[in-house]
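J.: Have a look at this prediction, sequence included:
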Amino acid sequence: MITHKYTFNKQERLNKKVEINKLFSESYSFTIYPLRFLYVINNDPENSVPVKLLVSVPKRIHKRAVKRNLLKRRIKEAYRKIKPSFLEETLFKKTKINLAIIYTSNEVLPYNEINKKVNLGIKKLLTEVERRESSF
């Protein structure tokens, strides 16, 4: 399972083409500017990790790879810091989620702002997942 709570291992990354296609075709989404969150509840028994994450910064918005990589690092770091409480909630509810965070702004925001938005997005995601699972 997860060895250390503040890591972001390879098995926690969303990298299977089938899962990514499913995420972009069948997902629910919401936006907390400058981030767009797409998620799908994944109850695949093969999946050993409760949350799989994909971070994207579109090339058509930020042409330079240096900026894209900087923004991806900032988003991943913000996620990594909130991950222990997020995983605790998902494990408590026995939910598995595939999540994509997409950066949509034209400007490069500082880490503090991105961190606030990721935290707000994760909290909103938890309430939305709870609401969707209670409707089943």
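T.: Yes, it's here. Numbering: from 1, shown residues only.

J.: Give me the helices and strands touching the longest helix along the chain, please.
T.: In the chain, with assignment by DSSP state H, the single longest helix is helix 65-93. Where contact means 3 or more C-beta pairs under 8 Å, 6 or more residues apart in numbering; DSSP states H and E, helix 65-93 is packed against strand 51-56, strand 97-103, helix 111-135. Bear in mind the C-beta positions are built from the backbone N, C-alpha and C, glycine included.

J.: what's the angle between that helix and strand 97-103?
T.: Orientation check (axes from the mean of the first three to the mean of the last three C-alpha atoms, to 10 degrees): helix 65-93 against strand 97-103 gives 150 degrees.

J.: how about helix 65-93: buried residues?
T.: 68, 71, 74-76, 78-80, 83, 86-87, 89-90 (16 or more other C-beta atoms under 10 Å).

J.: now stretch 120-128
T.: 121, 122, 125, 126.

J.: Of these, which is the nearest to residue 24?
T.: Using C-beta to C-beta, the shortest approach to residue 24 within those belongs to residue 125, at 16.6 Å.

J.: The closest one: what's it in contact with?
T.: 30, 37, 39, 97, 99 (C-beta atoms under 8 Å, 6 or more residues apart in numbering).

J.: Now distance to residue 16 too, for those residues, in TSV please.
T.: Below are those laid out as TSV (distance: C-beta to C-beta, whole Å):
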residue	distance to residue 16
30	24
37	20
39	16
97	15
99	14
